[in-house]
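Q: Have a look; sequence and predicted model below, questions after that.
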Amino acid sequence: MEELLLKIQDIELKTFSSDEASKLYQLIDKNRVQIGEWLLWVDKTNSVEDVEKLIEEYNGRRERGEGMNFGIWYQANLIGYISFASIDKTRRTAGIAYWLDNEYQGKGIITKSCKNLVEYGFNELNLNRIEISCAEGNDKSRAIPQRLGFKEEGIIRESELIRSGKLVDNHLYALLKQDWEK
């Protein structure tokens, strides 16, 4: 499957190829404590081979139109991940997920990356609604949809299991195409 590249200023969002598994594994491993606090799959990702399987799954989902996964590249370095974790073509909706290397946080990179993905979703994928769900307590993640004009539509109680074994609430944010165009 052909690589997909989205660019905004000095940030590139690029779909993963299998030869990038080692780079992605190194990034996950470097940020294991930080991202693992919120994302349980991190604790099950313990080798380059595990990441190769993830990339294979990502590319299969893209081929089926069920999702799109990108590496976030900044100044030619892989520094994070962003995706349409789910795409529902029938309802024209998608959900965004993201994480970023701790060293690069606070520079607006995730905000710009999300904005780029939102524009791609509305303009190229003909989506009508894009959602972002963030766990209670993950204030950095919650700031992104707020900054981009997403509306908080509700709280899904005790729906997210985090590393501590605790179930926490999820805040659901959504943005409609008509609101983005304004």
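A: Ah, there it is. Numbers count the residues shown, from 1 in each chain.
Q: Spatially nearest residue to Gly137, not counting backbone neighbours?
A: Val168 (6.2 Å; C-beta to C-beta, 6 or more residues apart in numbering). From N, CA and C alone the C-beta is placed, and that goes for glycine too.
Q: How about Ser133?
A: Asn170 is the one closest to Ser133 (C-beta to C-beta, 6+ apart), at 4.9 Å.
Q: Could you pull out the buried residues of the one helix or strand that neighbour maps to?
A: Assigned by DSSP states H and E, Asn170 belongs to strand 167-176. Neighbour-count burial for strand 167-176, counted by 16 or more other C-beta atoms under 10 Å, picks out Val168, Asp169, Asn170, His171, Leu172, Tyr173, Ala174, Leu175, Leu176.
Q: With respect to Asp88, which of those is nearest?
A: Nearest to Asp88 among these: Ala174, at 13.1 Å, using C-beta to C-beta.
Q: measure that closest one to Glu152 for me?
A: Counting by C-beta to C-beta, to the nearest Å, the gap from Ala174 to Glu152 is 8 Å.
Q: Give me the phi and psi for Ala76.
A: phi 70, psi 10 (degrees, to the nearest 10).
Q: So for it, what pLDDT did the model give?
A: Predicted confidence (pLDDT) for Ala76: 88.
Q: Please, where are all the strands along the protein?
A: Ranges of strands within the chain are 5-8, 11-15, 68-74, 77-88, 93-100, 129-135, 151-161, 167-176, based on DSSP state E.
Q: possible to save the ones you listed as a markdown table with distance to Gly60?
A: Output for the strands of the chain, formatted as a markdown table (distance: least, C-beta to C-beta, whole Å):
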| stretch | distance to Gly60 |
| --- | --- |
| strand 5-8 | 20 |
| strand 11-15 | 12 |
| strand 68-74 | 11 |
| strand 77-88 | 13 |
| strand 93-100 | 17 |
| strand 129-135 | 22 |
| strand 151-161 | 25 |
| strand 167-176 | 26 |
